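Undergrad: Here is a sequence together with a model predicted from it:
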Amino acid sequence: MKKIEAFIRHEAFEPIRTELLEQGFPSLSISEVKGSGRQKGVVETYRGSTLTVNVRPKLKIECVVEDKDKGLVVETILKHARTGEVGDGKIFVIPVEEAIRIRTGEGGEPVLQTHEESEGPK
């Protein structure tokens, strides 16, 4: 199993989410984060004052997938997040030792499978 963490621009999120859902990957965690990288500070003018913003807002997408699905998820993120400009973001792929569904206690790759229609909230 692999955990994919992607730091992306806000505008890239909806196309990524839509395509991943269509491909059978409905489970994502999303966080609003701020960070800096090569982009460094950006000079902005606000009400006549010039200020340097050293951290930029991003979205962090996290998902855990089977090893065989890693490439598909990464390519989907790249397809929609890459503009070729500084500040597009980063993707990290991290090994996952184990996954456990709290509700049932089952573990391993079966907990990563797409949810059945009857498995909605009760």
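TA: Structure's in. What do you need?

Undergrad: Residue 33 contacts residue 58, doesn't it?
TA: Yes - judged on Cβ atoms under 8 Å, residue 33 makes contact with residue 58 at a distance of 5.3 Å. All C-beta atoms are positioned from the backbone trio N, CA, C, and that covers glycine.

Undergrad: So which of those two has more stuff around it?
TA: When residue 33 and residue 58 are compared for neighbours, residue 58 comes out ahead with 23 against 12, by other Cβ atoms under 10 Å.

Undergrad: And the helix or strand where that one lies, what's buried?
TA: Here residue 58 sits within strand 56-65, counting by DSSP states H and E. Neighbour-count burial for strand 56-65 flags 56, 58-59, 61, 63-65 (criterion: 16 or more other Cβ atoms under 10 Å).

Undergrad: just curious, which of the residues you listed is nearest to residue 16?
TA: Residue 16 lies nearest to residue 61 out of the buried residues of strand 56-65, by Cβ to Cβ, at 6.9 Å.

Undergrad: give the contact list for that closest one.
TA: Residue 61 makes contact with 4-6, 8, 13, 16, 28-30, 77, according to Cβ atoms under 8 Å, 6 or more residues apart in numbering.
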